[in-house]
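>>> return a 3D structure for these sequence lines:
(one chain, ligands or ions: 1)
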Amino acid sequence: MDKEKIKSEIKKSYGEIAKGNIQVGCCSTDNGCCSTDEFSTCMAEDYSEIIGYQKDADLSLGCGLPTEIANIKEGDTVIDLGSGAGNDAFIARSIVGESGKVIGIDMTQEMVIRALQNNQKLGYRNVEFVLGEIENMQSIQSSIADVIISNCVMNLVLDKEKAFKEIFRVLKPGGHFSISDIVYSGSIPVGVLDASEMHVGCVSGASEKDEYLRIIEKEGFRNIQIKKERKIELPDELLFKYMNDQELIDYKNSGSGIFSVTIYADKLEEGNCSDSSGSCCCKGVTNNSKEETKKST
Ligand SMILES: C[S@@+](CC[C@H](N)C(=O)[O-])C[C@H]1O[C@@H](n2cnc3c(N)ncnc32)[C@H](O)[C@@H]1O
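Numbers count the residues shown, from 1 in each chain. Modelled structure (predicted):
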């Protein structure tokens with residue numbers, strides 16, 4: 001399917017979710033992804049005990065908890081990419097307080113409207129929600145964010161290199177990101193990855209894990225760490241829609257898998273060659289992503 005068509009399907013589906021026309025777990029049920037409660041609960045985290053949690057903003061669309069490892073501080077400017085109804089943005093607001101700022105960006109108009117309605121009820125004057133695409137954040141100035149967060153969105157972004165270039169641009173030197181996302185390792189059957197219905201549901205647009213980390217490094221980030229990783233078990237009834245018995249057995253025996261990960265990375269200040277891994281990351285002296293990437297669970 002062509003990229004623009006996929007993008008407009010994504011907007012259409014999330015628009016329906018925002019309007020409350022589709023009941024979801026983490027993904028969109030009418031697109032064949034979260035057809036069971038079992039699957040929906042396996043992706044989204046329980047936010048209910050987290051300070052700043054707003055039930056109206058929680059559409060169970062996440063696949064991690066990016067604020068948990070984001071090291072957000074009072075007074076910070078935080079950008080939430082693919083902010084949905086504002087779930088993570090409002091949690092970030094509870095940390096940055098009155099002196100900070102939170103900007104949510106989302107390409108689905110209905111989501112932005114829903115987030116703005118939630119914000120109006122809360123009365124936060126330092127929280128904004130803007131309509132826009134992560135790959136092209138024209139409305140966001142360069143070097144304004146201390147921290148970027150995102151929850152289960154980058155897998156839906158078709159041009160990840162462009163998106164990470166933009167993330168690098170809007171982050172301040174010395175800033176960092178915490179992104180929860182879906183990635184895969186090994187070889188996932190084409191039927192699973194390519195089903196466009198599943199694309200809306202977080203899985204088909206996912207990147208291979210090492211390739212994803214390589215893009216992040218290529219766009220200039222350093223100290224790249226997978227802070228959390230959890231295997232996503234897709235229900236058999238879903239997989240049977242895309243493969244036969246033998247293919248399913250082969251897939252299960254292959255060691256391949258789909259994972260929810262939360263990734264942290266720094267945009268270093270100019271001339272700063274140190275990172276917490278102790279490895280050199282000066283300009284022009286980069287280790288490859290596998291060596292440089294540390295996994296800390
Ligand atoms: C799975 S939902 C996650 C929403 C929110 N982060 C949460 O956890 O509740 C994905 C959101 O990302 C938005 N989105 C997808 N691709 C995008 C892009 N390229 N630019 C901006 N927003 C995008 C969708 O409109 C949708 O609101």
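>>> can we go C-alpha only for contacts and neighbour counts from here?
Will do.
>>> list, one by one, the residues from the stretch 51-200 of the chain near the ligand.
Residues of the stretch 51-200 of the chain lying close to the ligand by Cα under 6 Å from any ligand atom are 58-59, 61-62, 82-84, 87, 106-108, 111, 132-134, 150-153, 156-157.
>>> just the ones of the residues you listed in strands?
Counted as lying in strands by DSSP state E, out of these, are 106, 150, 151.
>>> max-length helix in this structure?
Looking across the chain with DSSP state H, the single longest helix is helix 3-18.
>>> can you give me the strands for the stretch 151-297 of the chain?
Applying DSSP state E, counting those that start in this stretch to the stretch 151-297 of the chain gives strands spanning 171-185, 207-208, 222-232, 257-266, 294-295.
>>> tabulate these (CSV), appending mean neighbour count.
Below are those laid out as CSV (neighbours: other Cα atoms under 10 Å):
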stretch, mean neighbour count
strand 171-185, 24
strand 207-208, 20
strand 222-232, 20
strand 257-266, 24
strand 294-295, 14
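>>> lowest average confidence across the ones you listed, which one?
Note on the strands of the stretch 151-297 of the chain: lowest mean pLDDT is at strand 294-295, with a mean of 42.
>>> residue 3: neighbouring residues, count only.
Under the neighbour criterion other Cα atoms under 10 Å, residue 3 is assigned a count of 11.
>>> how about it, what does it touch?
Residues in contact with residue 3 (Cα atoms under 8 Å, 6 or more residues apart in numbering) are residue 158.
>>> tell me which element residue 46 falls in.
Assigned by DSSP states H and E, residue 46 belongs to no helix or strand.
>>> any idea how far it is from the ligand?
Distance, residue 46 to the ligand, by Cα to the nearest ligand atom, to the nearest Å: 11 Å.
>>> now do that residue against residue 72, distance only.
Distance of residue 46 to residue 72, given as Cα to Cα, to the nearest Å: 20 Å.
>>> out of the two, which sits in the busier spot?
A count of neighbours by other Cα under 10 Å puts residue 72 above the other of residue 46 and residue 72, at 22 against 13.
>>> tell me the pLDDT at the more buried one?
Residue 72 is assigned 98 on the pLDDT scale.
>>> what about the stretch 101-250 of the chain, any weak spots by pLDDT?
Within the stretch 101-250 of the chain, the ranges that satisfy pLDDT under 70 run 191-204.
>>> give me that answer again for 80
Applying pLDDT under 80 to the stretch 101-250 of the chain flags the ranges 188-205, 233-243.
>>> can you show me the helices along it?
Along the stretch 101-250 of the chain, counting by DSSP state H, counting those that start in this stretch, helices occupy 109-122, 160-170, 190-194, 196-200, 209-218, 236-239, 245-253.
>>> just name the most buried of those helices.
helix 196-200 (a mean of 23; mean count of other Cα atoms under 10 Å).
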